[in-house]
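In: how would this look folded up:
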Amino acid sequence: MSSQSVEQPRAAEKTEQPDAAPQAATAEFDKPESWTRIMGLPIGWFALLFAIVVATALLGALPNAMLAGFAVVILIGGLLNWLGGRVPVLRNYGLPTVLCILAPAILLHFGLFPQSLAENMEIFTDGSQIGFIDFYVASLIAGSILGMPRALLLKAGARIAVPLLGTIAVVFIGLGVVGAALGYGLREAVLFVAAPIMGGGVGAGIVPMSQIYESQMGGEASSYVATLIPAVIIANVLTIFCAGIFNGITYKGQQFFVGFNGNGQIVRVEGKAADFKAKPKPTGGTFNVLAIGLTTAAVLFLAGSLIAEFVPGLHAYAWTILLAAAIKIFGLLPEPFEDAVSTWFGFVSGTLTPALLVGISITFFEFDELGALLSDWRYPVLVVLAVLLAVTVSGALGWLVKMYYAETSIAVGMGMTDMGGTGDVAVVSAANRLELMPFLQVSSRIGGALVLLLVSLLVPVLGG
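Out: Model prediction:
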């Protein structure tokens, strides 16, 4: 990310200057050698490695193992990310991310993607024995929180509740009113459009939500899942595009009004800028440092999972966030440990993001379920309205409590309307603001838990 600005005291607000430095990702695409190298490899060598993987898949010799999974997702993600980075203008609006998360699913849908590759990617990305998603998200949570200035964490954590709660209320009320006005139905708009979109994704949102509906309205949970998923898929795609748009309109530090763009920093605070400025993101580290970072991030996630076993009201990711925040606030880890986790975070975010995105594409995107619901024009209108309300209202409420509009829209509005943990990864990648990952996880997990509680209260009121 470019250098981060901190708002000065109120009297100096009119003199705030935008940060004109382009983002690192865009600068990387502009290097002459980026046209002849993919992932740092000469194109010829990359093509050879890619051809070996494809040949192995076509001949049925591709094992569903961790090593094969890494080879597949890294090479496919690297190619699509490179192709998206070659397109001027659109690359600043998230085209590399959009290609990574949509192209594999589209090719698979039309039978143009080898089935053995798809099976390998599904097992590697979300399989119980490997779980690349947990590996990636845990690294981002631990590294971004422990690498965050303590003063910034204290300021942001106390304020994020305002846009989070306000956004949930506005989206539910707004969709209920519009759904009733359009003849779609207040109950249907709230329970089958607003709730799944704001509910925290599939595993932590739709699955428990479907069980709530089954117990309170009758029917089968599986049929509710099929009805709820399309709203999440459509909203997730729209949210990724919104994240790309925010990246495109802010990648040179543009400020459309005071407090609009924090260049990755979420809180506008008065005080010394040095107290709130993060350390430069590490670009490398010794093997020992990386090993410490990986181990610390992994154990932190295991601790969160352990707590979730005994206190199941929150997802393991949410407990991991709370643990990391407590460790940072109370200074429970030596600084070299924090630096090691931050270095590991820099490695994972800088090298494995496209790999995870293509895994998400194959594993979670389904196009067959969209047809019936999209035949009613009111359904996509309500989905679009939910995303737009969440993005705009969260930014406005965040701005009122001295948070940056763009960053709050991404962290809260988009964090609530994307596809949970996997959607969070796509959004922060498209917005080129990976340091916001913990805040999106708060929105997805804690916000999603609040939505489930709200839904359980609304079903009897709206008529089961």
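In: could you check the pLDDT of residue 79?
Out: If you check residue 79, the pLDDT there is 95.
In: which residues touch it?
Out: Residues touching residue 79, when contacts are defined by C-beta atoms under 8 Å, 6 or more residues apart in numbering, comprise 38, 46, 50. C-beta here means a position set from N, CA and C on the backbone, and glycine is covered the same way.
In: just the ones of these in helices?
Out: Counting by DSSP state H, the members of those that fall within helices are 46, 50.
In: what subset of the contacts of residue 79 is buried?
Out: Buried by 16 or more other C-beta atoms under 10 Å: 38, 46, 50, out of these.
In: ok, the first one to residue 106 distance?
Out: Residue 38 sits at a distance of 21 Å from residue 106 (criterion: C-beta to C-beta, to the nearest Å).
In: next one: the last one
Out: Distance of residue 50 to residue 106, computed by C-beta to C-beta: 19 Å.
In: try the second one
Out: From residue 46 over to residue 106 the distance is 23 Å, taken as C-beta to C-beta.
In: any weak-confidence spans in the stretch 151-300 of the chain?
Out: Low-confidence regions of the stretch 151-300 of the chain, defined here as pLDDT under 70, cover residues 152, 156, 202-204, 222, 269-285.
In: can you give me the helices in it?
Out: Under the criterion DSSP state H, counting those that start in this stretch, helices of the stretch 151-300 of the chain are mapped to 161-181, 186-189, 195-198, 207-217, 221-250, 273-276, 287-310.
In: what lies in contact with the fourth one?
Out: Helix 207-217 is touched from outside by 191, 195-196, 199, 219-222, 224-225, 228, 452, 455-456, 459-460, 464, with contacts defined as C-beta under 8 Å, 6+ apart.
In: and residue 64, which of the three is it?
Out: Under the three-state scheme (DSSP: H, G, I helix; E, B strand; the rest coil), the conformation of residue 64 reads as coil.
In: what's the neighbour count on the nearest residue to it once chain neighbours are set aside?
Out: Setting aside the residues directly before and after it, residue 64 is nearest to residue 123 in space (C-beta to C-beta, 6 or more residues apart in numbering), at 4.7 Å. A count of neighbours around residue 123, defined by other C-beta atoms under 10 Å, yields 21.
In: can you pull out the helices in the stretch 1-150 of the chain?
Out: According to DSSP H, counting those that start in this stretch, the stretch 1-150 of the chain carries its helices in the segments 24-30, 43-58, 66-85, 95-109, 115-126, 132-146, 150-159.
In: including distance to residue 427, could those helices go into TSV?
Out: Formatted as TSV, those follow (distance: least, C-beta to C-beta, whole Å):
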stretch	distance to residue 427
helix 24-30	15
helix 43-58	28
helix 66-85	16
helix 95-109	9
helix 115-126	17
helix 132-146	12
helix 150-159	17
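In: so which of those is nearest residue 302?
Out: Between residue 302 and the helices of the stretch 1-150 of the chain, the shortest gap by C-beta to C-beta is with helix 132-146, which sits at 8.8 Å.
In: now for the closest one, which elements pack on it?
Out: Helices and strands touching helix 132-146, by 3 or more C-beta pairs under 8 Å, 6 or more residues apart in numbering; DSSP states H and E, are helix 115-126, helix 287-310, helix 316-329, helix 335-351, helix 353-364, helix 420-431, helix 437-441.
In: check contacts around residue 150.
Out: So, once contact is read as C-beta under 8 Å, 6+ apart, residue 150 ends up touching 328-329, 331.
In: how does it look with 7 Å?
Out: Shown in contact with residue 150 (C-beta atoms under 7 Å, 6 or more residues apart in numbering): 328-329.
In: my read is that residue 168 contacts residue 451, right?
Out: Yes. Counting by C-beta atoms under 7 Å, residue 168 sits close enough to residue 451 to count as a contact (6.3 Å).
In: common neighbours of the two, please.
Out: Residues touching both residue 168 and residue 451 by C-beta under 7 Å, 6+ apart: residue 198.
In: neighbours of residue 462, just the number please.
Out: By the criterion of other C-beta under 10 Å, residue 462 has 16 neighbours.
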